[in-house]
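In: quick one: sequence and predicted model below, then my questions.
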Amino acid sequence: MNKPAVSKKEFEQYLNETRTWETDKVKALNKSLRVAHWYGGVASAVAVMASTAAVTMGFAWMNPAPPPVFRVDNATGIVDVVESIRNGKTNYEENINKYFTQWYVRYREGYSKDLAEEYYTNVGIMSVGLEQQKYYEYFNPKNPISPLNVYGPYAKVKIGIKSTSFIKPNVALVRYTKSIERGLDKPQITHWAATITFRYSGAPMKQVHRNTNPLGFQVVEYRNDPDALAPDATAIEKPAEQAQAPAANAPVVFGGQTAPTAPPAQPPTAAAMPITPVTQAAPVVPAIKQ
């Protein structure tokens, strides 16, 4: 029996269908390979991240961050945290505020004949006009309880900072000790707490003042009280021989001073305490003259 002949057109259609089937197979295979490569890449990335995390955790375990160190004052029982700068990371703003407030207390409360002029000047540089005037009235030799009269040329007042904390970002509480040394006598130690409200002024100032106060630190309000947390009651200093007017041989500290005479009717008006420019007008602080 004779088989039916296949026409040329049917044969070409058969060949085309065969080629299409092979092409589909190749495309499917390529797609499978691409999917396999993608999954392989993701798995490799996950493996790398896992390895990195394991190595990092291993180093962290081998080099843990140091635990905080707490310091307890044996005299007062006050607990303070000893901070360290690790890899240059710390709260620099708070440390700078502590630096200036602590030095302000040292300048304002400390005393020695050789440093009196420097401390007096620095308090003026770091205070606004109102605090400058208050300090001038306290320091003036005509004030019986002025440091010039209370401590004279030989006594020294040394300030020891115990702790510094912040009631508000611009209000610091500085606890400190005041050690009064008079010759070979046993130092008289009292405990105090200074509350300092401060700000930073961008107003221009002389370079000589900028060397002491580079950031324009300004004390707006200053209050000094006996430290309630001290182990014993802190007696406010009561000078033994300062209830009367300054003696004729009161120490001369500032250049141009002369022996004291009868108090003038009006206080002198020549400026001596440097006034750091601020954004508002500040009163001129009179010179310390006798």
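Out: Happy to help now that I have it. Residues are numbered from 1 along each chain as shown.
In: where in the stretch 151-290 of the chain is pLDDT low?
Out: 230-290 (pLDDT under 70).
In: for it, what spans make up the helices?
Out: Assigned by DSSP state H, counting those that start in this stretch, the helices in the stretch 151-290 of the chain fall at 207-212.
In: what are the ranges of the strands in the stretch 101-250 of the chain?
Out: Using DSSP state E, counting those that start in this stretch, the strands of the stretch 101-250 of the chain run over residues 156-168, 171-181, 188-200, 217-226.
In: can I get those strands in JSON lines including mean neighbour count?
Out: (C-beta placed from N, C-alpha, C; glycine too.) Output for those, formatted as JSON lines (neighbours: other CB atoms under 10 Å):
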{"stretch": "strand 156-168", "mean neighbour count": "16"}
{"stretch": "strand 171-181", "mean neighbour count": "19"}
{"stretch": "strand 188-200", "mean neighbour count": "18"}
{"stretch": "strand 217-226", "mean neighbour count": "17"}
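In: make CSV from these and add distance to residue 103 to it.
Out: Listed next are those as CSV, based on distance: least, CB to CB, whole Å:
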stretch, distance to residue 103
strand 156-168, 9
strand 171-181, 10
strand 188-200, 11
strand 217-226, 9
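In: right, so of these, which gets closest to residue 137?
Out: strand 217-226 (13.1 Å; CB to CB).
In: what angle sits between that closest one and strand 188-200?
Out: 150 degrees (axes from the mean of the first three to the mean of the last three CA atoms, to 10 degrees).
In: got the angle between strand 217-226 and strand 171-181?
Out: Using the same axes, to 10 degrees: strand 217-226 against strand 171-181 is 60 degrees.
In: what packs against strand 217-226?
Out: Counting contacts by 3 or more CB pairs under 8 Å, 6 or more residues apart in numbering; DSSP states H and E, strand 217-226 packs against helix 92-109, helix 129-139, strand 188-200.
In: for those, give me TSV that also has distance to residue 43.
Out: Shown next, in TSV, are the helices and strands packed on strand 217-226 (distance: least, CB to CB, whole Å):
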stretch	distance to residue 43
helix 92-109	45
helix 129-139	69
strand 188-200	56
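In: dump the residue contacts of residue 180.
Out: Contact analysis of residue 180 by CB atoms under 8 Å, 6 or more residues apart in numbering lists 151, 155-157, 187-190, 237.
In: including distance to residue 97, could these go into CSV?
Out: CSV is the format used below for the contacts of residue 180 (distance: CB to CB, whole Å):
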residue, distance to residue 97
151, 29
155, 31
156, 28
157, 24
187, 30
188, 30
189, 27
190, 25
237, 28
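In: residue 129 is nearest to which of the strands of the stretch 101-250 of the chain?
Out: strand 217-226 (9.9 Å).
In: angle of that closest one against helix 129-139?
Out: Using the same axes, to 10 degrees: strand 217-226 against helix 129-139 is 50 degrees.
In: hmm, back to that, ok, the contacts of residue 180 vs residue 96, which is closest?
Out: Nearest to residue 96 out of these is residue 157 (CB to CB; 25.7 Å).
In: and the gap between that closest one and residue 132?
Out: Per CB to CB, to the nearest Å, residue 157 is found 20 Å from residue 132.
In: now do residue 110
Out: Here residue 110 is placed at a distance of 18 Å from residue 132 (CB to CB).
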